[in-house]
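[1] Compute the structure for the input listed below.
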Amino acid sequence: MKKNIRNSLLFIIFPVLIAAAGCSNMLTTVYMDPEDLRNEEPSPASALTATVYSPVDFGADSSLSEISLELIWSREVSGFDVADMVPANAAVSSFSGEGDKYVFTLKALSEGLVGFSISSGALDGADLKEDIVYQYNFNPAALTLSISSDETVITNQTSIPVYFDFSHDVEGFDSPDISVLGGTLSGFSGSGSSWSGNLTFTSDGFATVSVNTGAANHPDYEDILSGSASFSIEYDGTDPEGALSTSIGEGDSTGHGSLAFSLDISEETEAIDSSVILVTNGTISHFSGSGDSYTFDVTPLAAGTVKVELPAGVLVDKSGNESSQADSFSYVYDSTLIGVNITGSVGSVSNSPAVAASVVFSEPVTGLEAADFTVTNGTVTGLTGSGDTYEVTLTAGSDGVVSLALPSGAAVNGIGAPNAASSWTYQYDGTEPAAVFFDLSKIGTGTGIGSGAYSDEYIFLDLNSDYSGDAGSGLSYEYTVDLGSTWKTFNLIGVMLTENRTYAGINIRVSDEAGNMTEGSALTNITIDTVAPDAPVVIIGTDPVNASNYSSFAFNLSGGEAGINYYYSIRSSEGPGEITGSGVFDGSGVSSVVEDLSALPDGTITVRATAEDHAGNMSSGGTDGAPMDTEIPAAPVVSITSGDTITGADPTIGFEITGGEAGNEYEYVITSSAGGSIFREVKTFDVSGGKSFSGIDLSAFRDGVLSVSVVQTDDAGNAGPAGSDSVVLDLKAFNDPDFDFAINSTNVTDGSVTLVGEPGSSYSYTIYSTGGGDVLSGTGTFDGTGQKTIDGLDFSGMADGYLILIVDIIDLSGNSSMAVSFTEIDASAPPLTTAADFSAETGSVNFDMSYHGSQTVPSGIVKFDTDVLTGSDYDDEIRFSDLEDGEFFTVAGGAGFNTIDLSEYSSADVTVQAGQTGEDDGNIVITLPSGGTATILYSDFQRLEFCSNNFTGSPHAIELDTADGTLWTFSDTQFELHTTVGNYKAGIIYFEGSLGLNYQLDTVFDPQTDMNNRNGLIIFDYQDTDNYKYIRAYAKADRWTIGEVVDGAEATLATLNESIDDVAANPLQLRVTGAEGKTAELWSGGIMKVSYTFADVLNDGYFGLTNDVAHTVFSIDMTPSNWAPYARKFEEKFSRSTSMTEVTVDIIGGAVDYEGDYLEISELGDTSNGTLTDNGDGTVTFIPNASFYGVETISYTITDGTNETVSEIRIDVLP
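    Have a look, this model is predicted:
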């Protein structure tokens, strides 16, 4: 479309004005009519300007790819040509003109801004002051095509017009670009955007006209048809035809009172109704249908011919074609009744709810259906047959008369004549006879199988007492002895069973006239057995019976038949009373019994047992006996004959024992209240019941109260109470001196020592330095406290080295002793106060942060007084042995598995928060005996050890896995765990002790409501992070579970889905049970929830706690079955610059056993750096080799007879 140039003038000039608005020599433009502008004479004095005429406004969008432009200069110019124009995204062609007017064509090269410019200096000699610029936005529209016709969906016209309408004018479009299916195209013509042709159909059906992509081009730019287009229409040039049909043939006779007709049309037509059907001698009804199919019924008005007609022209299809042919159907109506007889497959009475009835007509019929029959007290379930014979199956509803009736007219013969009515009835009885009360287990005389007085046994049936129904109502009785293979008539007197014969199955049944039957419960594999079983063999396992075992008296029975009953009685020879019981022999014919004999008096216990077989035969009795003596012997009288005090002048003891029973075994034990050595010996009382001892050496015992304890045990194993006597043991003058602290430059003039001895003892002391210098000495007497602190000591006159304190004491008994103590004096070189950095060490570091004197580490001797430590890359152990109120330490472990040693403090006094700052990080607060606290901030430490001399239930060590955002808080017996990632991050809890095969672990898990998951787990049989077992309560999911982790893979083994309180504390208990200790049971609130039996024992691993992405508070009670003894970890120092020659450590004296069991050293480690001697009194002595310096660690093991505890002695050998 051409644009009106007059209307475009404003838009053409305006952009030029805009471009010039920012210049210093602004153009003045007069808006004029284009013709006036052309004819106006240019003013010589004015600047040169230009006007561009275009069909597209400046800057506007257009789909035109090529436009013709006219450029009018404000006056004639010379030398202007196409080279002076700079095209932008365009090509300039067809350039011509002269003077002041020029024309040219601008063709877009691509989509976007298209235009040209003429620079101000392009025309030589002309005073063109500003650039001339023109541009527009080329935005080509896609070329589309629509194909249509005057006819739309369907037509019966043989030829129709087709129109092709493009969205723009096109070129290159002709008839070969058009595809036609189902017809031909002719008369194709058109131009621009509108084209047409005629479509002629070749046959009925669909015809399609389509044009493919690229079939035509846009005339203004290089664009083609962007998509295919098509047009489809259905052609129908065939008239519809209708055909009438029914179940009989044209002209046939029928007796049917009504015939069903069908009207089938060759194609779908406009809707019709019954008025288009003409009927002679009949009426039409039930007319229905649509499209190409209709049905209706015709009922004759009278006997004779009936005619049905479909006239021509009444059917019109959807394209307008009318039916050109008529159709008709004629038949003859006639009728006569047909005879029928119904007979049943059962008699007048039957217990079968489903029966068959035969229906026989006098001639073949059709049209008979199950629904034609009427049933009273039942339903028809099937119909089979044809012609003149059919079979009906029916099911009775309830006991009573069942009637089957066939009404007249239900079936017809070949000409439609109906049948006559008929019926049949029977009595249904589906109720079984009354039950037989007879108990088949009572055979013969009623005393059981096989034990009667007769050689043959009988089954009896007494109708007066054994049958609940009417015995005279036509019932019959049968019996079987072969489990129903054969049944025989019962004579109501009895059926004889043969002795020593096995019967497969004995039973009785009763039947009524309808065939209903009631059958008893069979006794299978019955043997008429009159032989009694063998007497059981009785073996008493608790022999003799005494006060310690009479409540769990045990005996075994054997020789019985598998699965039969046994009965036992237990009596004492010395009095009345009897204990009785019974049981069942296992599959091996044996059984074990445990009874409490507290109701019987002492004497000879006799156990008698009998057995009863399945036939009721009773065996004779088997017996065994054992003595019972529950009287505990009296405590022997012990009298020490060595005076009131035993001193070093005669370090032996003598004592007498009286009051023993002749023949009784006795044991005497000598112990000291101060611990140390224990002496014991077992002997037997002679006829005198007494014994004297003397000259027993006590030099290995510690001073204290010496006790002699004697217990006698009689022949029955009864151990009586202990008889004892005691005496003061004072072999040595007690002497325990010590420096109160190491001496350095800050306290060298104010030293302090503490001496400890017995009250009233005299002492003298001497202090000197190994480095030389002054010597201090003094004497005195201990007051009633037995302790003397000597302070204000001035060591400034002594050289650096080791201070030696030598103390001599003489006690009131005349015993004397000498003791030596030493400490370091380093007044010129105080401990380093910088951080203790061991990151460069080449081995594991064992360092005490509380000790500020010299210590040995792999690189040599160090001395620190600092609260900051950095560990090595090895397994370090950092100790805190002497904490003070307010101390704050920061310790960072290295790459190894690192331990914080708090073995001087009970875990009951420790609070740990772990995981707040990172993996294996946390802080520890220790409550000190003074009531104050000390704090340790740690990182990269995996294990915390506490004092094992703690038997209250708080742990001896813990390992808290804090990986992946796991947070722990621990205090005493309470753990709080907050996890945000799964995989069961475990807290492992260590106790020194052992578990029995059967044990119990308890916790209360309190799920916190700030997490969606609410659960708690007890870990047991823990071997490592990838192998352990657990019980779990998952409150939110209402699930109790037992599971295990094997090589890192978790498996759920047993589960119970049951409601669990998810907002309250819940008890969670593990019980390990079973003779082999392999069964784990999960209990809560006194109820076992779930159990599982494992393949291995469950008491050889550790246990702990965890949860699964939850916040849980645990309160634990997980103490071992037997506490292991506490074994002290000794830290000793040896200095060659002192007079020390050896180090003696009292291992047993430093040990504690919770149960009070006797302790002894079971294993002592080796040393290659000196000589180690077991002194036999619970102490060991170490003498270092002359050339050895450094730390020597010696392991040792003590045992209480049940558990062993391993500990160590660390001796730091210094110069």
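[2] Quick check: phi and psi on the most centrally placed residue in the chain?
    Closest to where the C-alpha atoms of the chain average out (Cα atoms, centre = their mean) is T1052, at 7.2 Å. Main-chain torsions, T1052, degrees, to the nearest 10: phi -90, psi 130.
[3] in the sheet, who's paired with it?
    G1043 (DSSP bridges).
[4] Do I have it right that it meets G1043?
    Yes: using Cβ atoms under 8 Å, T1052 is in contact with G1043, at 4.6 Å. Using the backbone N, CA and C atoms, a C-beta is placed for each residue, glycine as well.
[5] on that earlier part again, now do the same contact list for the residue nearest to the centre of the chain.
    T1052 is in contact with T1041, I1042, G1043, counting by Cβ atoms under 8 Å, 6 or more residues apart in numbering.
[6] next one: L698
    Listed by Cβ under 8 Å, 6+ apart, the contact partners of L698 are I646, P651, T652, I653, I670, L706, L729, L731.
[7] run the last query once more with 6 Å
    Neighbour list for L698: P651, I653 [criterion: Cβ atoms under 6 Å, 6 or more residues apart in numbering].
[8] measure it to E1204 for me?
    According to Cβ to Cβ, to the nearest Å, L698 and E1204 sit 29 Å apart.
[9] likewise S191?
    From S191 to E1204 the distance is 113 Å (Cβ to Cβ).
[10] Near the residue nearest to F261 when sequence neighbours are not counted, how many residues? Count them for me, please.
    Excluding the flanking residues, the one nearest F261 by Cβ to Cβ, 6 or more residues apart in numbering is T246, at 4.9 Å. For T246, the tally of surrounding residues (other Cβ atoms under 10 Å) stands at 18.
[11] so T246 sits right up against L263, yeah?
    No: T246 is beyond contact range of L263, at 10.5 Å (criterion: Cβ atoms under 6 Å).
[12] Show me the strands in the stretch 651-800 of the chain, by range?
    Using DSSP state E, counting those that start in this stretch, the strands of the stretch 651-800 of the chain run over 652-658, 665-672, 679-684, 691-697, 704-713, 723-730, 738-739, 743-744, 751-756, 762-769, 775-781, 787-793.
[13] Which neighbouring elements make contact with the fifth one?
    It stands for strand 704-713. Judged by 3 or more Cβ pairs under 6 Å, 6 or more residues apart in numbering; DSSP states H and E, strand 704-713 is in contact with strand 665-672, strand 723-730.
[14] Direction included, what does the first one pair against?
    Within its sheet, strand 665-672 is paired with strand 679-684 (antiparallel), strand 704-713 (antiparallel), according to DSSP bridges.
[15] okay if I get those as CSV plus distance to T1025 and mean pLDDT?
    Formatted as CSV, these follow (distance: least, Cβ to Cβ, whole Å; pLDDT from 0 to 100):
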stretch, distance to T1025, mean pLDDT
strand 679-684, 46, 89
strand 704-713, 48, 93
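[16] looking at those, which is buried most?
    The highest average neighbour count among the strands paired with strand 665-672, using mean count of other Cβ atoms under 10 Å, belongs to strand 704-713 at a mean of 20.
[17] circling back to that earlier point, want to try TSV for the helices and strands packed on strand 704-713, with mean neighbour count and distance to S423 as columns?
    Shown next, in TSV, are the helices and strands packed on strand 704-713 (neighbours: other Cβ atoms under 10 Å; distance: least, Cβ to Cβ, whole Å):
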stretch	mean neighbour count	distance to S423
strand 665-672	20	106
strand 723-730	19	111
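[18] Nearest approach to Q712 belongs to which of the ones you listed?
    strand 665-672 (4.1 Å; Cβ to Cβ).
[19] contacts for the closest one?
    With contact meaning Cβ under 6 Å, 6+ apart, strand 665-672 is reached by 678-680, 682, 684, 701-702, 704, 706-713, 729.
[20] let's see it at 7 Å
    Residues outside strand 665-672 that contact it (Cβ atoms under 7 Å, 6 or more residues apart in numbering) are 636, 657, 660, 678-685, 701-702, 704, 706-713, 729.
[21] How about stretch 414-425?
    Applying Cβ under 7 Å, 6+ apart, the contact partners of stretch 414-425 are 253-256, 334-344, 357, 361, 365, 401-412.
[22] Which ones among those residues lie within strands?
    253-254, 340-344, 357, 361, 401-406 (DSSP state E).
[23] Greatest separation within those: which pair is it?
    S253 and V401 (41.5 Å).
[24] Using JSON lines, lay out the contacts of T1052 together with pLDDT and neighbour count.
    Output for the contacts of T1052, formatted as JSON lines (pLDDT from 0 to 100; neighbours: other Cβ atoms under 10 Å):
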{"residue": "T1041", "pLDDT": "95", "neighbour count": "22"}
{"residue": "I1042", "pLDDT": "96", "neighbour count": "22"}
{"residue": "G1043", "pLDDT": "95", "neighbour count": "18"}
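[25] Closest one of those residues to L475?
    Nearest to L475 among the contacts of T1052, counting by Cβ to Cβ, is I1042 at 58.3 Å.
[26] Compute the distance between the closest one and T823, please.
    For I1042, the distance to T823 equals 58 Å [Cβ to Cβ].
[27] try V1213
    Separation of V1213 from T823 (Cβ to Cβ): 16 Å.
[28] P176 in helix, strand or coil?
    What DSSP: H, G, I helix; E, B strand; the rest coil gives for P176 is helix.
[29] show me what contacts it?
    Going by Cβ under 7 Å, 6+ apart, P176 touches no other residue.
[30] Give me the pLDDT value at it.
    The confidence metric pLDDT takes the value 87 at P176.
[31] Likewise for V857?
    Looking at V857, the pLDDT reads 90.
[32] ok now do the nearest residue to it once chain neighbours are set aside, which residues does it touch?
    Counting by Cβ to Cβ, 6+ apart, V857 lies nearest to V845, which is 5.3 Å off, once chain neighbours are set aside. Shown in contact with V845 (Cβ under 7 Å, 6+ apart): F838, V857, P858, G871, S872, D876.
[33] repeat that for 8 Å
    F838, V857, P858, G871, S872, Y874, D876, E877, I878.
[34] what about H978, neighbour count?
    19.
[35] Excluding sequence neighbours, find me the nearest residue to it.
    Per Cβ to Cβ, 6+ apart, closest to H978 is L967, 4.2 Å.
[36] Same check on M628?
    Distances taken as Cβ to Cβ, 6+ apart place V545 nearest to M628, at 3.8 Å, with adjacent residues excluded.
[37] just A141 next, same as before
    Using Cβ to Cβ, 6+ apart, the nearest residue to A141 is S63, at 4.4 Å.
[38] picking up where we left off before, among the ones in strands among the contacts of stretch 414-425, name the buried ones.
    Neighbour-count burial (16 or more other Cβ atoms under 10 Å) applied to the ones in strands among the contacts of stretch 414-425 gives S253, T254, V340, I342, G344, A357, F361, V402, L404, L406.
[39] mind checking pLDDT for the first one?
    What the model reports for S253 is a pLDDT of 72.
[40] Any stretches of the stretch 501-650 of the chain with poor pLDDT?
    Residue ranges of the stretch 501-650 of the chain with pLDDT under 70: 527, 529-530.
[41] Strands along that one, start to end?
    Taking DSSP E, counting those that start in this stretch, the strands of the stretch 501-650 of the chain run over residues 502-511, 517-519, 523-527, 537-540, 553-558, 565-572, 579-584, 591-595, 603-612, 622-628, 637-640, 645-647.
[42] I'd like those strands laid out as CSV, including distance to L113 and mean neighbour count.
    Compiled in CSV, the strands of the stretch 501-650 of the chain are given as follows (distance: least, Cβ to Cβ, whole Å; neighbours: other Cβ atoms under 10 Å):
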stretch, distance to L113, mean neighbour count
strand 502-511, 108, 18
strand 517-519, 106, 16
strand 523-527, 106, 16
strand 537-540, 116, 18
strand 553-558, 110, 19
strand 565-572, 112, 20
strand 579-584, 106, 13
strand 591-595, 107, 16
strand 603-612, 116, 21
strand 622-628, 120, 18
strand 637-640, 124, 17
strand 645-647, 123, 17
